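Trainee: structure for the following, please:
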Amino acid sequence: MSRRRRRAWIAAAALALAACGSGASSDDLKGAAIDPPRPKPRFTLTDTSGEAYDFHKETEGKTALLYFGYVHCPDICPVHLAQLAEVFKQIPAVAREVEVVFVSVDPERDTPDALRTYLDRFDPTFVGLTGSLDEVEAAQTAADVPVAQFAGEGPDYTVNHAAMVIAYSPDGLNHAIYPFGTRQSEWKNDLPLLVEMTGAEGG
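Mentor: Take a look at the predicted model:
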């Protein structure tokens, strides 16, 4: 499909799903607004195939949904991922323009294989990233989220981590975040709008 036709398809989806005007605006987003918008962070981690993944570079010109979580998370992480996976099935034309990036905050347990197996349960296109604990903490700091804290002892410890999905539109800016409890209808409204927020790459 040509770039022009793909953009026309996405624009049509935005009109049908969000009932918005001809210009995408952060005012129409259902997510929690970030004002002023924050620039996309710069960090490099390792993907599940063992390759270096420069978040800023790999998502340039795309809509990127960044989330910090872990495989053994009992509730928040799987709900976020399941919601996104279901919405992607409903609006595939828009979903193809979106990169979901899941950063493990528990690199000791979340091996690349374990992380890949986990994400594949939801959507095989979701990107999984890991690294040393220091690297992962640096990525959280770069994204301006609280650094995850470990609780409990033994192999079944839990991790307290940021519970929101951070959305970066193709202009390289974070216009909104999506906390735990975000509804599918809100994602269906916002994803087409985020995809249409093009412009000079921020940061």
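
Trainee: tell me the buried residues in stretch 67-77?
Mentor: Tyr67, Phe68, Gly69, Tyr70, Val71, His72, Cys73, Ile76, Cys77 (16 or more other Cβ atoms under 10 Å). For every residue, glycine as well, the C-beta is placed using N, CA and C.

Trainee: am I right that the first one sits in a strand?
Mentor: If I follow you right, that is Tyr67. Yes: assessed by DSSP: H, G, I helix; E, B strand; the rest coil, Tyr67 belongs to a strand.

Trainee: look up how far Val127 lies from it.
Mentor: 10 Å (Cβ to Cβ, to the nearest Å).

Trainee: what is in contact with these two at once?
Mentor: Val100, Val101, Phe102 (Cβ atoms under 8 Å, 6 or more residues apart in numbering).

Trainee: wait, the last one touches Leu65, no?
Mentor: The reference is to Phe102. No: taking contacts as Cβ atoms under 8 Å, Phe102 lies outside contact range of Leu65: 9.1 Å.

Trainee: okay, these two: which has more neighbours?
Mentor: Phe102 (27 against 23; other Cβ atoms under 10 Å).

Trainee: so that one is in which element?
Mentor: strand 98-104 (DSSP states H and E).

Trainee: before we move on, the earlier item: which one of the shared contacts of Tyr67 and Val127 sits closest to Gly172?
Mentor: Lowest distance from Gly172 to those (Cβ to Cβ) belongs to Val101, with 14.3 Å.

Trainee: can you classify the closest residue to Ala142 other than its chain neighbours by secondary structure?
Mentor: Nearest non-adjacent residue to Ala142, counting by Cβ to Cβ, 6 or more residues apart in numbering: Pro41, 3.7 Å away. Of the three states, Pro41 takes coil under three-state DSSP.

Trainee: so Pro41 sits right up against His56, yeah?
Mentor: Yes: with contact defined as Cβ under 8 Å, Pro41 counts as touching His56 (7.0 Å).

Trainee: these two touch, right, Pro39 and Asp171?
Mentor: No: the pair Pro39 and Asp171 fails to qualify as a contact (Cβ under 8 Å) at a distance of 9.7 Å.

Trainee: secondary structure element for the closest residue to Lys30 other than its chain neighbours, which one?
Mentor: Once flanking residues are discounted, Lys30 sits nearest to Glu186: 3.9 Å by Cβ to Cβ, 6+ apart. Element membership for Glu186 (DSSP H and E) is helix 184-195.

Trainee: would you agree the residue nearest to Lys30 is in contact with Gln83?
Mentor: No: in this structure, Glu186 is not within contact of Gln83 by Cβ under 8 Å, at 9.4 Å.

Trainee: so those two - more neighbours on which side?
Mentor: Between Glu186 and Gln83, counted using other Cβ under 10 Å, the more crowded position is Gln83 (20 against 17).
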